[in-house]
Every structure is written in C-alpha cells, then in structure tokens.
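# next input, structure requested:
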Amino acid sequence: MPAKTYTLPGDITIVNDDCLAHLGRIVGGTIVTDPPYNVGYHYDQCQDDMSREDYFQMLTDITSGRPSVLIHYPEAMFEFSHHAGRLPDRVVAWVYPSNTPRQHRSVAWFGCKPDFKADGQDYRNPTDPRIAKRIAEGKRARLYDWWQVNQVKNVSAEKTEHPCQIPLQLMVRILKVTKPKLVIEPFLGSGTTLVAASMLGIPAIGFDISERYCEIAAGRVLDSKQLI
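Reported below is the predicted structural model:
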C-alpha cells in the first residue's frame, strides 16, 4: 500500500511512512530534527527503546550525506558524533529552567554553519535606559551559544497530545539561522519543524510512521497559514 501523503500549501509535504524508505529519492535538503531520544517514551507506534548501536546507526543512516541539525541531550550528541564520524560545525545550549532533572539540550549543526546574525533575542535588562532606547528602535540582542526557550508544557497554548513536543520559538530560530532551501524532518512528531518552515516560507517534507501524528502536524501547518 502506498504511503499516505498530505500536500499542504506553501510547498509543505507530510508522508505517513518511515523516512528511510524515501530519503534516497530526495535531492538536496537539510535534515532538521528533534528525534526520539531512545529513553523509553510512549510514542504512538515508535519504538523508543532500541539498542544503542541500532539507535545511533539509524541516526547515522538518516543524516548521512546531508547537512543536518540535531537536537539531543549532550551525552547522546557526543555518541552520535563518534558513531557517525562527523564533528559538529557549531553547538548551542538550549536551556529551559524547569522542575526537571535535565534542564538543557544541545542543538548541533553538522555539515552546515548557522548565521547568528539572521536572528536576535529579547534583551534581558529591558528597563535599562540604553536598552529601552534600542528596543524602541526595533533592535534585538544578538544571539550567542546559550538560548533560553521554555519547554512546551501541558498548560502551553501550543501543546498537542504528543508527549515530547519541541517549542515553536526554538525551531523558528533554528531555521532562521540555518537558512535551508529545503527542510527534511525525518521524525515529524507534532509537526513543529514543518510549522516553523511554513511560517518562514521554506519548502519542507516531514515523515512519521504514526498517522495520528501526521494528522496533528497537518492541522498545525494549516493553522499556521492563518498567522502569517
């Protein structure tokens, strides 16, 4: 049976299938993904308890031969880099103060370099008169390698039923500084990567083996068109 495909406005495509069955036919593109972390999450249909060898080999196969941006815990990022034989060109700490044992993850660029001048962030001392003047002029603070973006929580407006949802603010920033011509998201999940691409006018294709997650992602992409 052919994979179910959702063709959405803005050159956004969702495929309800394993990405490895299709990546070989896609020319170009940058992998941008927040993959399953292989820590036993209860996803819809996705196996999140693979052997470490199989897990990192899967990530290696998916990213091989393409510029790639990965989000992961630092220790796993080191292991992936060793397994894939690729050193990152740049690494950023995504920090999210919260009442959880882990409060940061790494965002790493492999085979591509982010342009931090392509985006900015809010000033942390907006009451300083000099900063207030810059804000009034429409300026933003420059980006460094430490990004504070809150996690998506159960009370967050963007929360879906997906158990491990990446913040839209983070993914928009990643795409702005990466400047991909085509985004490939092999682990679509709730669809945040494609929503960000849609909002920025970047063609994108996402894959997920869960039809339910594909439906959620498609709905979010369509909703994002109303915000542009």
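# do you know the pLDDT at the residue lying farthest from the centre of the chain?
Relative to the average C-alpha location in the chain, and by Cα atoms, centre = their mean, no residue lies farther out than Pro129, which sits at 35.7 Å. The score at Pro129 is 89. That number is its pLDDT.
# how about the one 3 residues further on?
Looking at Ala132, its pLDDT reads 90.
# my guess is it contacts Lys139. True?
No - using Cβ atoms under 8 Å, Ala132 is not in contact with Lys139, being 10.8 Å away. In this view, the C-beta of every residue, glycine as well, is placed from N, C-alpha and C.
# for this protein, give me the ranges with low pLDDT.
1, 225-228 (pLDDT under 70).
# contact partners of the lengthiest helix in the chain?
Selection of the longest helix in the chain by residue count, based on DSSP state H, yields helix 211-224. Taking contacts as Cβ atoms under 8 Å, 6 or more residues apart in numbering, the residues outside helix 211-224 that touch it are 4, 6, 8-10, 12, 14-16, 44, 160-162, 188-192, 194-195, 198-199, 206, 208.
# stretch 41-53 now?
Against stretch 41-53 from outside (Cβ under 8 Å, 6+ apart): 36-40, 58, 79, 163-164, 187, 209-210, 212-213.
# one more time with 6 Å
Stretch 41-53 is contacted from outside by 36, 38, 40, 163-164, 209-210, 212, using Cβ atoms under 6 Å, 6 or more residues apart in numbering.
# now the two most distant members of the residues you listed.
Spatial extent of the contacts of stretch 41-53 (Cβ to Cβ) is set by the pair Asn38 and Arg212 at 20.8 Å.
# element containing Tyr54, please.
One correction, residue 54 is Asp, not Tyr. Asp54 belongs to helix 52-63 when assigned by DSSP states H and E.
# could you pull out the buried residues of that helix?
55-56, 58-59, 62-63 (16 or more other Cβ atoms under 10 Å).
# also stretch 99-107?
Quick answer for stretch 99-107 (16+ other Cβ under 10 Å): 105-107.
# run the chain-centre distance for it.
15 Å (Cα atoms, centre = their mean, to the nearest Å).
# same check, this time on stretch 107-117
13 Å.
# do the same with stretch 77-95
Remark: stretch 77-95 is offset 15 Å from the chain centroid, using Cα atoms, centre = their mean.
# for it, buried residues please.
Applying 16+ other Cβ under 10 Å to stretch 77-95 flags 77, 79-81, 84, 86, 88, 90-92, 94 as buried.
# export the contacts of stretch 41-53 as TSV, with columns for secondary structure, neighbour count and distance to Gly219.
Putting the contacts of stretch 41-53 into TSV (DSSP: H, G, I helix; E, B strand; the rest coil; neighbours: other Cβ atoms under 10 Å; distance: Cβ to Cβ, whole Å) gives the following:
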residue	secondary structure	neighbour count	distance to Gly219
Pro36	coil	20	21
Asn38	coil	19	27
Gly40	coil	9	28
Pro163	coil	12	18
Cys164	coil	16	18
Ile209	coil	19	18
Ser210	coil	17	14
Arg212	helix	13	11
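# strands of this protein, start to end?
Per DSSP state E, the chain has strands spanning 4-8, 12-16, 30-33, 68-72, 90-95, 104-110, 120-121, 141-142, 146-148, 183-185, 204-207. These are given in chain order.
# can you redo these as JSON lines with distance to Leu23?
As requested, the strands of the chain are exported to JSON lines (distance: least, Cβ to Cβ, whole Å):
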{"stretch": "strand 4-8", "distance to Leu23": "15"}
{"stretch": "strand 12-16", "distance to Leu23": "11"}
{"stretch": "strand 30-33", "distance to Leu23": "9"}
{"stretch": "strand 68-72", "distance to Leu23": "12"}
{"stretch": "strand 90-95", "distance to Leu23": "24"}
{"stretch": "strand 104-110", "distance to Leu23": "16"}
{"stretch": "strand 120-121", "distance to Leu23": "33"}
{"stretch": "strand 141-142", "distance to Leu23": "35"}
{"stretch": "strand 146-148", "distance to Leu23": "28"}
{"stretch": "strand 183-185", "distance to Leu23": "7"}
{"stretch": "strand 204-207", "distance to Leu23": "8"}
